[in-house]
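Sequence and predicted structure are below.
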Amino acid sequence: MRADSNDPADDHRAAGTGEAGDEHEPDVTALASLLASSERVVALTGAGVSVPSGIPDFRSPESGLWNTVDPMDVATIDAFHRNTKGFWDFYRPRLDMVRQKRPNPAHEALVELERRGRCDAVITQNIDGLHQAAGSTGVVEVHGSIGTSSCTGCGATWTLDETASLFGEHGIATCTSCSGKVKPDVVLFGELLPAAAMERARDLAARADLLLCVGSSLEVYPVAELPALTRDSGGRIAVVTQGPTPYDEVADVRVTGNVATALPAAVAEL
Ligand SMILES: [Zn+2]
């Protein structure tokens, strides 16, 4: 995220903090028009969609998460194998936190779009499963999901709730069949992205006539390349997020408001 204060978007954001929020209405109306005139809408979502649900943006320096721990020590596939106890000391509270979180109006707006036949799929960087919890179908999780865990030995899998019961006194989740190490099905730093999900995401982006990008800075590979695929195929791009993105200049609509209010407002105008 850029820190310079000369970004015109900063003025826009500042103007949007007023109580009425009227400054956002033209953008929201433009987004509604774009949605109404598109036939193959695909949503692409990032951490900003889950922030209103109380889930911090773990990759953002502002989250403060990495102030006390080095991600290379706890959140890599190497750390999982080398220091499994340390990995789970860090990751177990995240599992417990996500279990308690619920979808917010941004998730629900995407469900409503799908219900109206205006959203074919949701590609997400999020691992929290809140799109599915809200009711979206056809969710493509390019960073995996915290919703299940798997044994690295025999491949057995458990749901999020079941995973909580796999911890012994040693604080490590262990397979009930083979005593192997159990790992959450999220893509850790140093792990390959799930090939099938990425192929599906690229295919959806290339076929979309509108890629609705919500709550993502669009800076992290592989999501960063998807809007370009849509544009190269003649599709349009809408960006709904609070910070700057590399696609702001080429987006057909750019909404800088809160995703949990802007997205439902646009759907309500359809
Ligand atoms: Zn096993």
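Right, received. Where do you want to start?

neighbours around residue 177, how many?
Neighbour count for residue 177, taken as other C-beta atoms under 10 Å: 11. C-beta coordinates here come from the backbone N, C-alpha and C atoms, glycine included.

Then it would be within a helix, right?
No: Residue 177 is assigned coil when assessed by DSSP: H, G, I helix; E, B strand; the rest coil, not a helix.

Now do the same contact list for it.
When contacts are counted by C-beta atoms under 8 Å, 6 or more residues apart in numbering, residue 177 touches 151, 154, 156.

JSON lines for those residues, including secondary structure, pLDDT and neighbour count?
Shown next, in JSON lines, are those (DSSP: H, G, I helix; E, B strand; the rest coil; pLDDT from 0 to 100; neighbours: other C-beta atoms under 10 Å):
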{"residue": "151", "secondary structure": "strand", "pLDDT": "98", "neighbour count": "21"}
{"residue": "154", "secondary structure": "coil", "pLDDT": "98", "neighbour count": "11"}
{"residue": "156", "secondary structure": "coil", "pLDDT": "97", "neighbour count": "14"}
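
filter those down to the ones close to the ion.
151, 154, 156 (C-beta under 5 Å from the ion).

Please tell me how far the closest residue to the second one other than its chain neighbours sits from residue 153.
Taking C-beta to C-beta, 6 or more residues apart in numbering as the measure, residue 154 lies nearest to residue 178, with 4.5 Å between them; neighbours along the chain are not counted. Residue 178 sits 5 Å away from residue 153 when distances are taken as C-beta to C-beta, to the nearest Å.

which stretches of the protein form strands?
Shown for the chain, the strands assigned by DSSP state E span residues 41-45, 121-124, 139-141, 144-151, 157-159, 182-186, 210-214, 236-240, 253-255.

From residue 139, how far off is residue 78?
29 Å.

One more: residue 232?
For residue 232, the distance to residue 139 - C-beta to C-beta - is 24 Å.

So for those two, which residue has more residues nearby?
Taking other C-beta under 10 Å, residue 232 and residue 139 do not tie; residue 139 has more neighbours (20 against 10).

for the more buried one, what are its contacts?
Residue 139 touches 121, 122, 124, 131, 132, counting by C-beta under 8 Å, 6+ apart.

Let's see if you can find the most crowded of the residues you listed.
residue 124 (32 neighbours).

Surely that residue and residue 136 touch.
No: here residue 124 lies out of contact with residue 136, judged by C-beta atoms under 8 Å, at a distance of 9.0 Å.

Overlap in contacts, those two.
Between them, residue 124 and residue 136 share no contacting residue, judged by C-beta under 8 Å, 6+ apart.

Using CSV, lay out the contacts of residue 177 together with distance to residue 239.
Below are these laid out as CSV (distance: C-beta to C-beta, whole Å):
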residue, distance to residue 239
151, 40
154, 43
156, 41
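
And the residue nearest to residue 80 when sequence neighbours are not counted, how far from the ion?
Nearest-residue entry for residue 80: residue 87, 4.7 Å, with adjacent residues in sequence omitted and distances by C-beta to C-beta, 6+ apart. Distance of residue 87 to the ion, computed by C-beta to the ion, to the nearest Å: 17 Å.

which parts of this protein sit against the ion?
Counting by C-beta under 5 Å from the ion, the residues of the chain near the ion are 151, 153, 154, 156, 175, 177, 178, 180.

Try it again at 8 Å.
151-156, 175-180, 182 (C-beta under 8 Å from the ion).

and which of those is nearest to residue 145?
Residue 145 lies nearest to residue 182 out of the residues of the chain next to the ion, by C-beta to C-beta, at 14.5 Å.

what's the burial count for the residue lying closest to the closest one once chain neighbours are set aside?
Leaving aside its sequence neighbours, residue 182 sits nearest to residue 173 (C-beta to C-beta, 6+ apart; 3.9 Å). Per other C-beta under 10 Å, the neighbour tally for residue 173 reads 24.

neighbours around the nearest residue to residue 186 once chain neighbours are set aside, how many?
Counting by C-beta to C-beta, 6+ apart, residue 186 lies nearest to residue 144, which is 4.2 Å off, once chain neighbours are set aside. Residue 144 has 17 neighbours, counted by other C-beta under 10 Å.

Hmm, residue 198 and residue 144 touching each other?
No: the pair residue 144 / residue 198 is not scored as a contact, 11.3 Å apart, by C-beta under 8 Å.
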